[in-house]
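Predicted structure and sequence below. I'll ask about it afterward.
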Amino acid sequence: MSSSISSKRRTMTRRQFAGGFAALLACARGAPSLASPRPISFGVFSLFEPREMTLSADLPLLLRVDDRRFALSSEGGPVSLRVKGDHIQIRLSSEILLASRLRATSFEGGPTAVFLAVPPTTEHGGVERQFEAVIDIDLTGGRLRPVVSMDIETAVASIVAAESSVLAPEASFMAQAVASRSFLLAARTVHTGFDFCDTTHCQFLRGPAPVGSSATTTSARTEGLCLYYEGRPLAAMYSRSCSGRTCSLEELGLSVRDYPYYPVDCEFCLHHPEAWVRELDDKAQPPHGERERIAYARIHGWSALPSSSFVQRQKQLQGRGIGHGLGLCQRGAMAMARAGIGFDRIVAHYYPNTNIATLQT
């Protein structure tokens with residue numbers, strides 16, 4: 001299915017995205033070391049607000065529909081779900097049920113491989129994704145709300161696969177894994193009913209990383225490794241590219257909480273920047289600071305101002321970098337890895353005064 005979303009839909013959902021980003025920065029605070037990490041939950045299809053969905057699997061699974069249980073075989077066809085008043089209408093083969101919630105698990109009650117799909121509508125194209133997780137679907141705000149829960153290492157590998165180029169060197173995969181795991185362990189978000197959404201507002205998440213892929217193998221090699229600052233796990237931020245120098249919270253006009261994000265030089269982006277140019281309309285004024293950039297994006301679209309690193313020449317903005325520029329620069333990390341620098345040195349470069357340690361379990 002196509003995963004395209006119309007510009008009308010993007011404008012609406014980006015307002016929601018932008019509205020929570022500053023709060024996420026404020027709430028991404030270090031937490032005490034976790035003795036036994038619980039499953040991580042993600043609200044998925046956040047940009048679609050679906051009223052209809054299908055659920056299917058290649059293997060048998062257990063469905064819990066309110067207080068009833070059903071065994072679903074792989075030959076039974078997809079389960080159809082749609083909003084019906086204040087309930088979820090669930091079609092199981094020839095049976096139609098009305099319920100408040102649904103859970104899909106393995107027969108043992110644990111994670112299982114499930115396909116979730118949102119059909120095309122007049123507002124956006126359809127999309128299908130696979131998850132290795134426990135699936136919960138309820139009704140929130142007149143929309144279906146699917147939440148997937150998985151162990152942290154499955155989540156880390158999935159995020160690394162979504163965030164990294166398949167051509168990235170091993171060390172940059174490993175650096176990304178450490179940063180992502182640290183974020184999952186330490187960040188506190190504004191969401192209710194799940195830990196993180198599946199967009200870049202929280203953590204970019206897609207399907208499970210393929211077995212034997214670089215994302216899977218390198219994440220496994222860093223299993224349990226977390227980034228610490230002053231004895232606490234750090235909710236490590238990262239972005240696609242920087243301007244040749246990463247940013248501090250103070251430079252972006254954001255309050256300093258548990259970690260100031262010391263600015264560091266990024267040689268690759270300095271000499272090979274992701275440059276961009278944007279034209280201002282007659283009435284628009286360029287924002288100064290990250291919160292102002294987000295507010296600007298609410299009106300003009302998220303791609304209207306890719307970063308806060310720019311200079312203004314009359315009504316033209318000439319900038320460098322994609323994203324907020326805090327912490328790990330993914331393009332810079334790949335270049336360092338290609339130069340033979342290990343993941344621990346890459347992490348130490350972009351997160352000064354931190355250390356990598358194994359999470360105590």
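Thanks, I have the structure now. Residues are numbered from 1 along each chain as shown.

Helices along the stretch 51-200 of the chain, start to end?
152-163, 170-186 (DSSP state H, counting those that start in this stretch).

which one of those is the most hemmed in?
Looking across the helices of the stretch 51-200 of the chain with neighbours counted as mean count of other CB atoms under 10 Å, the highest average goes to helix 170-186: a mean of 26. Bear in mind the C-beta positions are built from the backbone N, C-alpha and C, glycine included.

can you map out the strands along the stretch 101-250 of the chain?
101-105, 112-118, 127-140, 143-150, 196-197, 225-229, 232-233, 238-239 (DSSP state E, counting those that start in this stretch).

okay but Leu92 is in contact with Phe70, surely?
Yes. Leu92 lies in contact with Phe70 (CB atoms under 8 Å); the separation is 6.1 Å.

how close does the nearest residue to Leu144 once chain neighbours are set aside get to Pro60?
Nearest residue to Leu144, sequence neighbours excluded (CB to CB, 6 or more residues apart in numbering): Pro50, at 4.9 Å. For Pro50, the distance to Pro60 equals 25 Å [CB to CB, to the nearest Å].

more neighbours, the two?
Taking other CB atoms under 10 Å, Pro50 and Pro60 do not tie; Pro50 has more neighbours (24 against 14).

Where does that one sit, in terms of helix or strand?
For Pro50, there is no helix or strand it lies in under DSSP states H and E.

Let me see the contact set for Phe45.
By CB atoms under 8 Å, 6 or more residues apart in numbering, Phe45 lies in contact with 53, 116, 118, 127, 129, 146, 198.

still on that earlier bit, list the residues that are in contact with both of Leu92 and Phe70.
Common neighbours of Leu92 and Phe70 (CB under 8 Å, 6+ apart) are Leu63.

what about stretch 228-241, how long is it end to end?
This stretch, stretch 228-241, spans 23 Å end to end (CA to CA, to the nearest Å).

Could you pull out the buried residues of it?
For stretch 228-241, a neighbour-count test (16 or more other CB atoms under 10 Å) marks 228-229, 232-241 as buried.

Rebuild those as CSV, extending it with distance to Phe107 and pLDDT.
Listed next are the buried residues of stretch 228-241 as CSV, based on distance: CB to CB, whole Å; pLDDT from 0 to 100:
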residue, distance to Phe107, pLDDT
Tyr228, 39, 96
Tyr229, 43, 96
Arg232, 39, 92
Pro233, 35, 92
Leu234, 39, 94
Ala235, 36, 93
Ala236, 37, 95
Met237, 40, 94
Tyr238, 38, 94
Ser239, 42, 94
Arg240, 41, 94
Ser241, 45, 96
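
now for these, which pair is the farthest apart?
In the buried residues of stretch 228-241, the most distant members under the criterion CB to CB are Arg232 and Ser241, with 28.1 Å between them.

Quickly list the domain ranges of this structure.
Domain assignment for the chain by automatic domain parsing gives 1-37+152-361, 39-150.

What average pLDDT does the last one get?
I take that to be domain 39-150. For domain 39-150, mean pLDDT rounds to 92.

Span of that domain from start to end?
Note: domain 39-150 ends 5 Å apart using CA to CA.

That one: how far from the chain's middle?
Relative to the chain's own centre, domain 39-150 is displaced by 20 Å; criterion: CA atoms, centre = their mean, to the nearest Å.

What is the neighbour count of Val311?
So Val311, with other CB under 10 Å, has 10 neighbours.

Are we agreed that it is in a helix?
No. Checked against DSSP: H, G, I helix; E, B strand; the rest coil, Val311 lies outside a helix; its state is strand.

That one contacts Pro286, correct?
No. Using CB under 8 Å, Val311 is not in contact with Pro286, being 9.6 Å away.

any shared contact partners between these two?
Joint contacts of Val311 and Pro286 (CB under 8 Å, 6+ apart) are Leu317.

Bridged to Leu62, which residues?
Counting by DSSP bridges, Leu62 forms beta bridges with Ala71, Thr105.

And the residue of the chain most remote from its centre, how far from Gly77?
Most distant residue from the mean C-alpha position of the chain: Ser94, 36.9 Å away (CA atoms, centre = their mean). Distance from Ser94 to Gly77, counting by CB to CB: 10 Å.

quick revisit: so who does the residue nearest to Leu144 touch?
Contacts of Pro50 by CB under 8 Å, 6+ apart are 118, 143-144, 146.

Distance check, the closest residue to Ala57 other than its chain neighbours against His191.
Nearest non-adjacent residue to Ala57, counting by CB to CB, 6+ apart: Val114, 5.2 Å away. Noted for Val114: a distance of 21 Å to His191, by CB to CB.

out of the two, which sits in the busier spot?
Using other CB under 10 Å as the criterion, Val114 and His191 rank with Val114 on top: 25 against 19.

so that one bridges to which residues?
Val114 has the following beta-bridge partners by DSSP bridges: Phe131.

Now do it against Leu61, distance only.
Val114 is 7 Å from Leu61, by CB to CB.

and for the two, which residues touch both?
In contact with both Val114 and Leu61: Ala104, using CB under 8 Å, 6+ apart.

Let me know whether Leu359 touches Tyr228 as I believe.
No. Leu359 is beyond contact range of Tyr228, at 9.5 Å (criterion: CB under 8 Å).

shared neighbours of the two, which are they?
With CB under 8 Å, 6+ apart as the test, Leu359 and Tyr228 reach no residue in common.
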